[in-house]
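Participant: sequence first, then the predicted structure, then my questions.
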Amino acid sequence: MKQNVKIETEIITLGQFLKLAEIIQSGGMAKWFLSEYEVFINGEQDQRRGRKLKVGDEVYIPDAGTFVITE
């Protein structure tokens, strides 16, 4: 099941998204999380915490689920 994650701005970074979606507890954990776990954005694997996400993007993290960015 896809979970919606609402953002207040046009763009959010992957690191900020992980915290907003409550996958990690602090922004400082993003670098470690991305080095240990696979993250797929719109079907493509990406490990850059600065990767910009926008409304409509889909983030899939095995064992955590699928998330859709919404307004």
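Facilitator: Nice, thanks for sending it over. None of these values were measured; they are calculated from a predicted model. Numbers count the residues shown, from 1 in each chain.
Participant: now do the strands in the chain.
Facilitator: 2-6, 11-13, 40-41, 44-45, 52-54, 58-61, 65-70 (DSSP state E).
Participant: so how far is the fourth one off the chain centroid?
Facilitator: Taking the mean C-alpha point of strand 44-45 and that of its whole chain, the gap between them comes to 12 Å (Cα atoms, centre = their mean, to the nearest Å).
Participant: partners of that strand in the sheet?
Facilitator: For strand 44-45, the paired strands and their directions (DSSP bridges) read strand 40-41 (antiparallel).
Participant: coming back round to it: turn the strands of the chain into CSV, including mean neighbour count, mean pLDDT and distance to residue 31.
Facilitator: Glycine gets a C-beta too; all of them are placed from N, C-alpha and C. Written out in CSV, the entries for those read as follows (neighbours: other Cβ atoms under 10 Å; pLDDT from 0 to 100; distance: least, Cβ to Cβ, whole Å):
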stretch, mean neighbour count, mean pLDDT, distance to residue 31
strand 2-6, 12, 94, 20
strand 11-13, 16, 96, 12
strand 40-41, 16, 98, 17
strand 44-45, 8, 97, 16
strand 52-54, 16, 97, 17
strand 58-61, 18, 97, 16
strand 65-70, 16, 96, 19
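Participant: now those strands in TSV, with distance to residue 28?
Facilitator: Supplementary listing: the strands of the chain in TSV, determined by distance: least, Cβ to Cβ, whole Å:
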stretch	distance to residue 28
strand 2-6	20
strand 11-13	14
strand 40-41	21
strand 44-45	23
strand 52-54	19
strand 58-61	18
strand 65-70	21
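Participant: show me the one of those that comes nearest residue 32.
Facilitator: Nearest to residue 32 among the strands of the chain is strand 58-61 (14.2 Å), distances taken as Cβ to Cβ.
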